[in-house]
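A.B. asks: could you work out the structure for the sequence below:
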Amino acid sequence: MRTLDPEKVMRNFIDADGRLRQIPVKQAKLQVVLAHLAAQFEPGVRYPERQVNETLKRFHEDFCTLRRNLVDYRYLGRADGDYWRLPTDN
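C.D. replies: Numbering: from 1, shown residues only. Next up, the predicted model:
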């Protein structure tokens, strides 16, 4: 089994302007991209959903899927319409 090269994943999925070409289907590649997106949010800061959406729109038009994946894969927490970056153990 080959090990995943995160830099190669980023080159394959992120354009030079920082936009996401497509959302990876394979879980391991998706998690590399999600970790990159999660880094756009400061630890300890709560963000309203609107601000999370605006941040994710800069990367891909399907910001809803990205937001849902960030929560599902536990990169972001969510409660009462607010989101925050979770400690990384992924």
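A.B. asks: going by C-alpha atoms from here, please, whenever you check contacts or count neighbours.
C.D. replies: Fine.
A.B. asks: you'd agree residue 16 is in a helix?
C.D. replies: No. With DSSP: H, G, I helix; E, B strand; the rest coil as the criterion, residue 16 is located in coil rather than a helix.
A.B. asks: and it, how many neighbours?
C.D. replies: With neighbours defined by other CA atoms under 10 Å, the count for residue 16 comes to 8.
A.B. asks: what do you get for the one 3 residues further on?
C.D. replies: By the other CA under 10 Å criterion, the neighbourhood of residue 19 contains 15 residues.
A.B. asks: what's the nearest residue to it if we skip its chain neighbours?
C.D. replies: residue 59 (4.4 Å; CA to CA, 6 or more residues apart in numbering).
A.B. asks: show me where the protein has its helices.
C.D. replies: Ranges of helices in the chain, per DSSP state H, are 6-13, 27-38, 49-57, 63-72.
A.B. asks: and the residue nearest to residue 19, backbone torsions?
C.D. replies: phi -100, psi -30 (degrees, to the nearest 10).
A.B. asks: ok, it - contacts?
C.D. replies: 18, 19, 20 (CA atoms under 8 Å, 6 or more residues apart in numbering).
A.B. asks: ok, the last one - contacts?
C.D. replies: When contacts are counted by CA under 8 Å, 6+ apart, residue 20 is found next to 13, 14, 59, 60.
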